[in-house]
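J.: Sequence below, structure please.
(4 chains)
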2 protein chains.
Amino acid sequence: MPPPRPRRPGADRGGRPALTSAHALAEIAQRLFLDRGFEETSVDDIAAAAGISRRTFFRYFSTKADVLWVESAAEFARFRAELAAAPPGEPYDAALRRAAPRALHHPPEHRTWALHRARLLLGVPAVQEKAAARHAEWRRIATDFVAARRGTGPGDLVAIAAGHAVLAATLAAHEYWLAHPDEDLPDILGRMLALLVPRPE
Amino acid sequence: MPPPRPRRPGADRGGRPALTSAHALAEIAQRLFLDRGFEETSVDDIAAAAGISRRTFFRYFSTKADVLWVESAAEFARFRAELAAAPPGEPYDAALRRAAPRALHHPPEHRTWALHRARLLLGVPAVQEKAAARHAEWRRIATDFVAARRGTGPGDLVAIAAGHAVLAATLAAHEYWLAHPDEDLPDILGRMLALLVPRPE
DNA sequence: GAGGTTATGGCGCACAGTGACATAAGTCCA
DNA sequence: TGGACTTATGTCACTGTGCGCCATAACCTC
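T.: Numbering: from 1, shown residues only, chains lettered A, B, ... in the order given. Presented below is the predicted three-dimensional model:
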């Protein structure tokens, strides 16, 4: 085993160039889901439409449904960043009510895409099942923030309740949005959070 | 095609007697899940332990995880019945805060079983995924009740929020219960509902 | 015993997801 | 130019879920 050659961290280390990208795959897959339905679309179909093999699809996404959450990492990061930037003296409910809608904000040109995505997320049971992990993470961000603000541990009743409240408000906002697509999702979320997030006594 | 013979509706119409029952199967399966883990237990394992075939298992439960929700139909029915029995003049939040904990009430001898079940429900991601359908139904019961009380339709923001609030409180109560198993689940749920269910303005 | 009814078992299939292994297509360096 | 290295891809085999189809077993009533 020869010693590894020294390399600069950011350098191009060569290797075969990728045939596609996660976003391109997600674009193709979501189109198929909307056209034929989620369960009626197999991974083989997606792979064929993208010109890659089935096995390669699973290297980009570990689950068929995961293509619907390409943007989630960015949304989670925004949520965390907004909370981290909250003034230390601000009550936790105010911080949550400001941070969550901002995290879900998307440029207007993504509106149609977001609406299609929401229809799949709320309308297809098989997709709802796969959402569990994302919901858990979204909730954990809020719970951890409240627990830290209150100086308590992970077993704090109020922190647990606040985390579930933020998730509930997010899901409720999407549900209401689908019934009233002309309104603004972050705006709806703000109203839902006002209804659901418990206030410090 | 000869005309069917007249039969009384409740009469025993013969047929091969069943080898087992849904509850017996659930008992065996839950034990295996706790011992070996949910994903490490195959339907073949459950069927073998119960002395039936794999195909027969799927006639009792359409999904491996469904054995964990044998009691759900009864809980849903209790929730609906409690809400239907609410006095017409009672505010909807008070009705929800009384009905939900009662629906989740179990006799003390089921406590260990319920705790084991809760551990599986909250601790195993694959199980959490399969819970989506039950969550949706639990939520719908509350949403429909609030919408009826408010005289609105399914697109009512407050009704949607209340439904999600009841579900959030239920999940939060289970989460808190796992961290504090000595407390009483319906009691915890009462406190969570007080924090999360929006009040009529 | 015949006919009807219900539970079961076996077989095959489509599909999701995973691990092992070979190969293609780039970069870098001698 | 040629090798060494690196990364993306493809092929194959395998486990497991869930479902449709059909034969069969075990009960009842007449």
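
J.: tell me the angle of the longest helix anywhere in chain A relative to helix B:157-179?
T.: Determined from DSSP state H, the single longest helix within chain A is helix A:157-179. Interaxial angle of helix A:157-179 relative to helix B:157-179 (axes from the mean of the first three to the mean of the last three C-alpha atoms, to 10 degrees): 150 degrees.

J.: Helix A:157-179 packs against which elements?
T.: Applying 3 or more C-beta pairs under 8 Å, 6 or more residues apart in numbering or on different chains; DSSP states H and E, one finds that helix A:157-179 contacts helix A:92-103, helix A:111-123, helix A:132-150, helix A:185-196, helix B:157-179, helix B:185-196. Bear in mind the C-beta positions are built from the backbone N, C-alpha and C, glycine included.

J.: Just the buried positions in it, please.
T.: A:157-177 (16 or more other C-beta atoms under 10 Å in any protein chain shown).

J.: Tabulate the helices and strands packed on helix A:157-179 (a markdown table), appending distance to DNA strand D and mean pLDDT.
T.: A markdown table is the format used below for those (distance: least, C-beta to the nearest atom of the strand, whole Å; pLDDT from 0 to 100):
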| stretch | distance to DNA strand D | mean pLDDT |
| --- | --- | --- |
| helix A:92-103 | 28 | 98 |
| helix A:111-123 | 18 | 96 |
| helix A:132-150 | 14 | 98 |
| helix A:185-196 | 32 | 98 |
| helix B:157-179 | 22 | 98 |
| helix B:185-196 | 27 | 98 |
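
J.: Figure out which of those is closest to B:Ala26.
T.: The closest of the helices and strands packed on helix A:157-179 to B:Ala26 is helix B:157-179. By C-beta to C-beta, the value is 18.6 Å.

J.: With only the CA atoms kept, save that closest one in PDB.
T.: C-alpha atoms of helix B:157-179 as PDB (Å, rounded to 0.1, in the frame of the first residue of the first chain):
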ATOM      1  CA  LEU B 157     -58.300  27.200   8.500                       C
ATOM      2  CA  VAL B 158     -59.300  26.900  12.200                       C
ATOM      3  CA  ALA B 159     -60.700  23.300  11.600                       C
ATOM      4  CA  ILE B 160     -57.500  22.300   9.800                       C
ATOM      5  CA  ALA B 161     -55.400  23.800  12.500                       C
ATOM      6  CA  ALA B 162     -57.400  22.100  15.300                       C
ATOM      7  CA  GLY B 163     -57.100  18.700  13.600                       C
ATOM      8  CA  HIS B 164     -53.300  19.000  13.300                       C
ATOM      9  CA  ALA B 165     -53.200  20.300  16.900                       C
ATOM     10  CA  VAL B 166     -54.900  17.200  18.200                       C
ATOM     11  CA  LEU B 167     -52.600  14.900  16.300                       C
ATOM     12  CA  ALA B 168     -49.600  16.900  17.400                       C
ATOM     13  CA  ALA B 169     -50.700  16.700  21.000                       C
ATOM     14  CA  THR B 170     -51.200  13.000  20.800                       C
ATOM     15  CA  LEU B 171     -47.700  12.400  19.300                       C
ATOM     16  CA  ALA B 172     -46.100  14.800  21.800                       C
ATOM     17  CA  ALA B 173     -47.800  13.000  24.700                       C
ATOM     18  CA  HIS B 174     -46.400   9.700  23.600                       C
ATOM     19  CA  GLU B 175     -43.000  11.200  23.200                       C
ATOM     20  CA  TYR B 176     -43.100  12.700  26.700                       C
ATOM     21  CA  TRP B 177     -44.500   9.500  28.100                       C
ATOM     22  CA  LEU B 178     -41.500   7.500  26.900                       C
ATOM     23  CA  ALA B 179     -39.300   9.900  28.700                       C
END
